[in-house]
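**Student:** what's the 3D shape of this:
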Amino acid sequence: MTASHQPGRAWIITPGLNQGRFASARKSGAAVAVVDIEDSVALPDKQTARTTSEAFFALPDPPCTLGIRINSLTTVDGIQDLAALSAYTARPDLIVVPKVESPRDIELVAAALDADGYTPDIWALIESPRAFNALPAITGAPRLGGVIFGSADYAASVRCGLGWEALHYARSALINAATAANIPAIDAPTWELDDPTVLRQDAERAKEIGFYGKGCVHPRHVQVINDVFTPTTEEITQARAIVAAADASGGTVTTVDGQMRGTPFFNRARALIDEADRTR
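**Tutor:** Residues are numbered from 1 along each chain as shown. I've put the predicted structure just below:
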């Protein structure tokens, strides 16, 4: 197993104590399903969750990338999580590390878990002001696969709301740092469970500012996220028109449907077409 799993657009997270939800998470249609032994598990139940969660990965041919969110490595539980994971017979494809504030966290996970034939993807949850101050160092960690925005913890830290405007700066800063490091960024879940309009609006905003995908905490959110982040037929058609215009103009500035288009537009259109062709 190598760190080559596609990050996917929709990520679903499910509590590590509730084995009855494991199958629905894995079969939800999300590209990444993560079992959680951090925030969703009370302190007295951590050891039980470590034991129970191994069953999440015991599938011969899983339908998606399977991951686990461990506890912070500044806690005893986080260290115990690494010890437990190293002994799993069925191992996760991906490790989500919460409360990351230094590249050292990524290095510790790699040192503890990397073995012959097994190098899991390692993703950092960015969810504190200190993490944002250290973003260039964190995103430069060699074994880091990508970053995830932890909106709830961040908002609690800075005592702001969870609305889009309140967290717009943090999201933009994370996108900028991830792009500079050439790694993907995944947006936080939408906490409104029963309003698909709010979810769709949040997903569209996340896509617009550059997130690769979005997390969710309920299976019914998966399809909306996939719909929003998958390039539409119209987007692909427009991208092909831009590439055709670029080829016809020899790569110089031209117009497409009355709009000026040049090198940045050409590059973006080619990238979208490449992605669409890969995922067909």
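
**Student:** quick one: residues contacting the residue nearest to Ala90 when sequence neighbours are not counted.
**Tutor:** Nearest non-adjacent residue to Ala90, counting by C-beta to C-beta, 6 or more residues apart in numbering: Phe57, 3.9 Å away. All C-beta atoms are positioned from the backbone trio N, CA, C, and that covers glycine. Applying C-beta atoms under 8 Å, 6 or more residues apart in numbering, we find Phe57 in contact with Leu66, Ile68, Tyr88, Ala90, Arg91, Pro92.

**Student:** can you pull the pLDDT of the fifth one?
**Tutor:** Note on Arg91: pLDDT of 95.

**Student:** doesn't Tyr118 make contact with it?
**Tutor:** Yes - using C-beta atoms under 8 Å, Arg91 makes contact with Tyr118 at a distance of 6.2 Å.

**Student:** need the pLDDT of the residue nearest to Ala90.
**Tutor:** For Phe57, pLDDT reads 96.

**Student:** one more: Pro184?
**Tutor:** Confidence score, pLDDT, at Pro184: 95.

**Student:** ditto for the one 4 residues further on
**Tutor:** Residue-level confidence at Ala188 comes out at 97, pLDDT.

**Student:** what separation do you get for it and Phe132?
**Tutor:** From Ala188 over to Phe132 the distance is 14 Å, taken as C-beta to C-beta, to the nearest Å.

**Student:** same question, Asn71
**Tutor:** Counting by C-beta to C-beta - Asn71 and Phe132 are separated by 21 Å.

**Student:** residues near Gly67, how many?
**Tutor:** By other C-beta atoms under 10 Å, the residues close to Gly67 number 25.

**Student:** so it, which state does it fall into?
**Tutor:** Assigned with DSSP: H, G, I helix; E, B strand; the rest coil, Gly67 falls in the strand class.

**Student:** buried residues, the helix or strand bottoming out on mean pLDDT in the chain. List them.
**Tutor:** Lowest mean confidence among the helices and strands of the chain (mean pLDDT, DSSP states H and E): helix 263-279, at a mean of 72. Residues of helix 263-279 classed as buried under the neighbour-count rule (16 or more other C-beta atoms under 10 Å) are Phe265, Phe266, Ala269, Leu272, Ile273, Ala276.

**Student:** what is the nearest of the residues you listed to Val147?
**Tutor:** Distance to Val147 across the buried residues of helix 263-279 (C-beta to C-beta) is lowest for Leu272, with 21.9 Å.

**Student:** doesn't Ile242 make contact with the closest one?
**Tutor:** No - look at Leu272 against Ile242 with C-beta under 8 Å: they stay out of range, at 9.2 Å.

**Student:** before we move on, the earlier item: what's the ChimeraX line that selects buried ones from the contacts of Phe57?
**Tutor:** One line in ChimeraX is enough to select the buried members of those, burial here meaning 16+ other C-beta under 10 Å:
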select :66,68,88,91,92
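
**Student:** now the contacts of Phe57 as a markdown table including distance to Leu125?
**Tutor:** Output for these, formatted as a markdown table (distance: C-beta to C-beta, whole Å):
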| residue | distance to Leu125 |
| --- | --- |
| Leu66 | 17 |
| Ile68 | 12 |
| Tyr88 | 21 |
| Ala90 | 23 |
| Arg91 | 20 |
| Pro92 | 15 |
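
**Student:** closest to Ile13 among the contacts of Phe57?
**Tutor:** Ile68 (9.8 Å).

**Student:** list the contacts of the closest residue to the closest one other than its chain neighbours.
**Tutor:** In this structure, Ile68 finds its nearest non-sequential neighbour in Pro92, 4.6 Å apart by C-beta to C-beta, 6+ apart. Residues in contact with Pro92 (C-beta under 8 Å, 6+ apart) are Val35, Phe56, Phe57, Leu66, Gly67, Ile68, Leu85, Pro120.

**Student:** how about 7 Å then?
**Tutor:** Phe57, Leu66, Gly67, Ile68, Pro120 (C-beta atoms under 7 Å, 6 or more residues apart in numbering).
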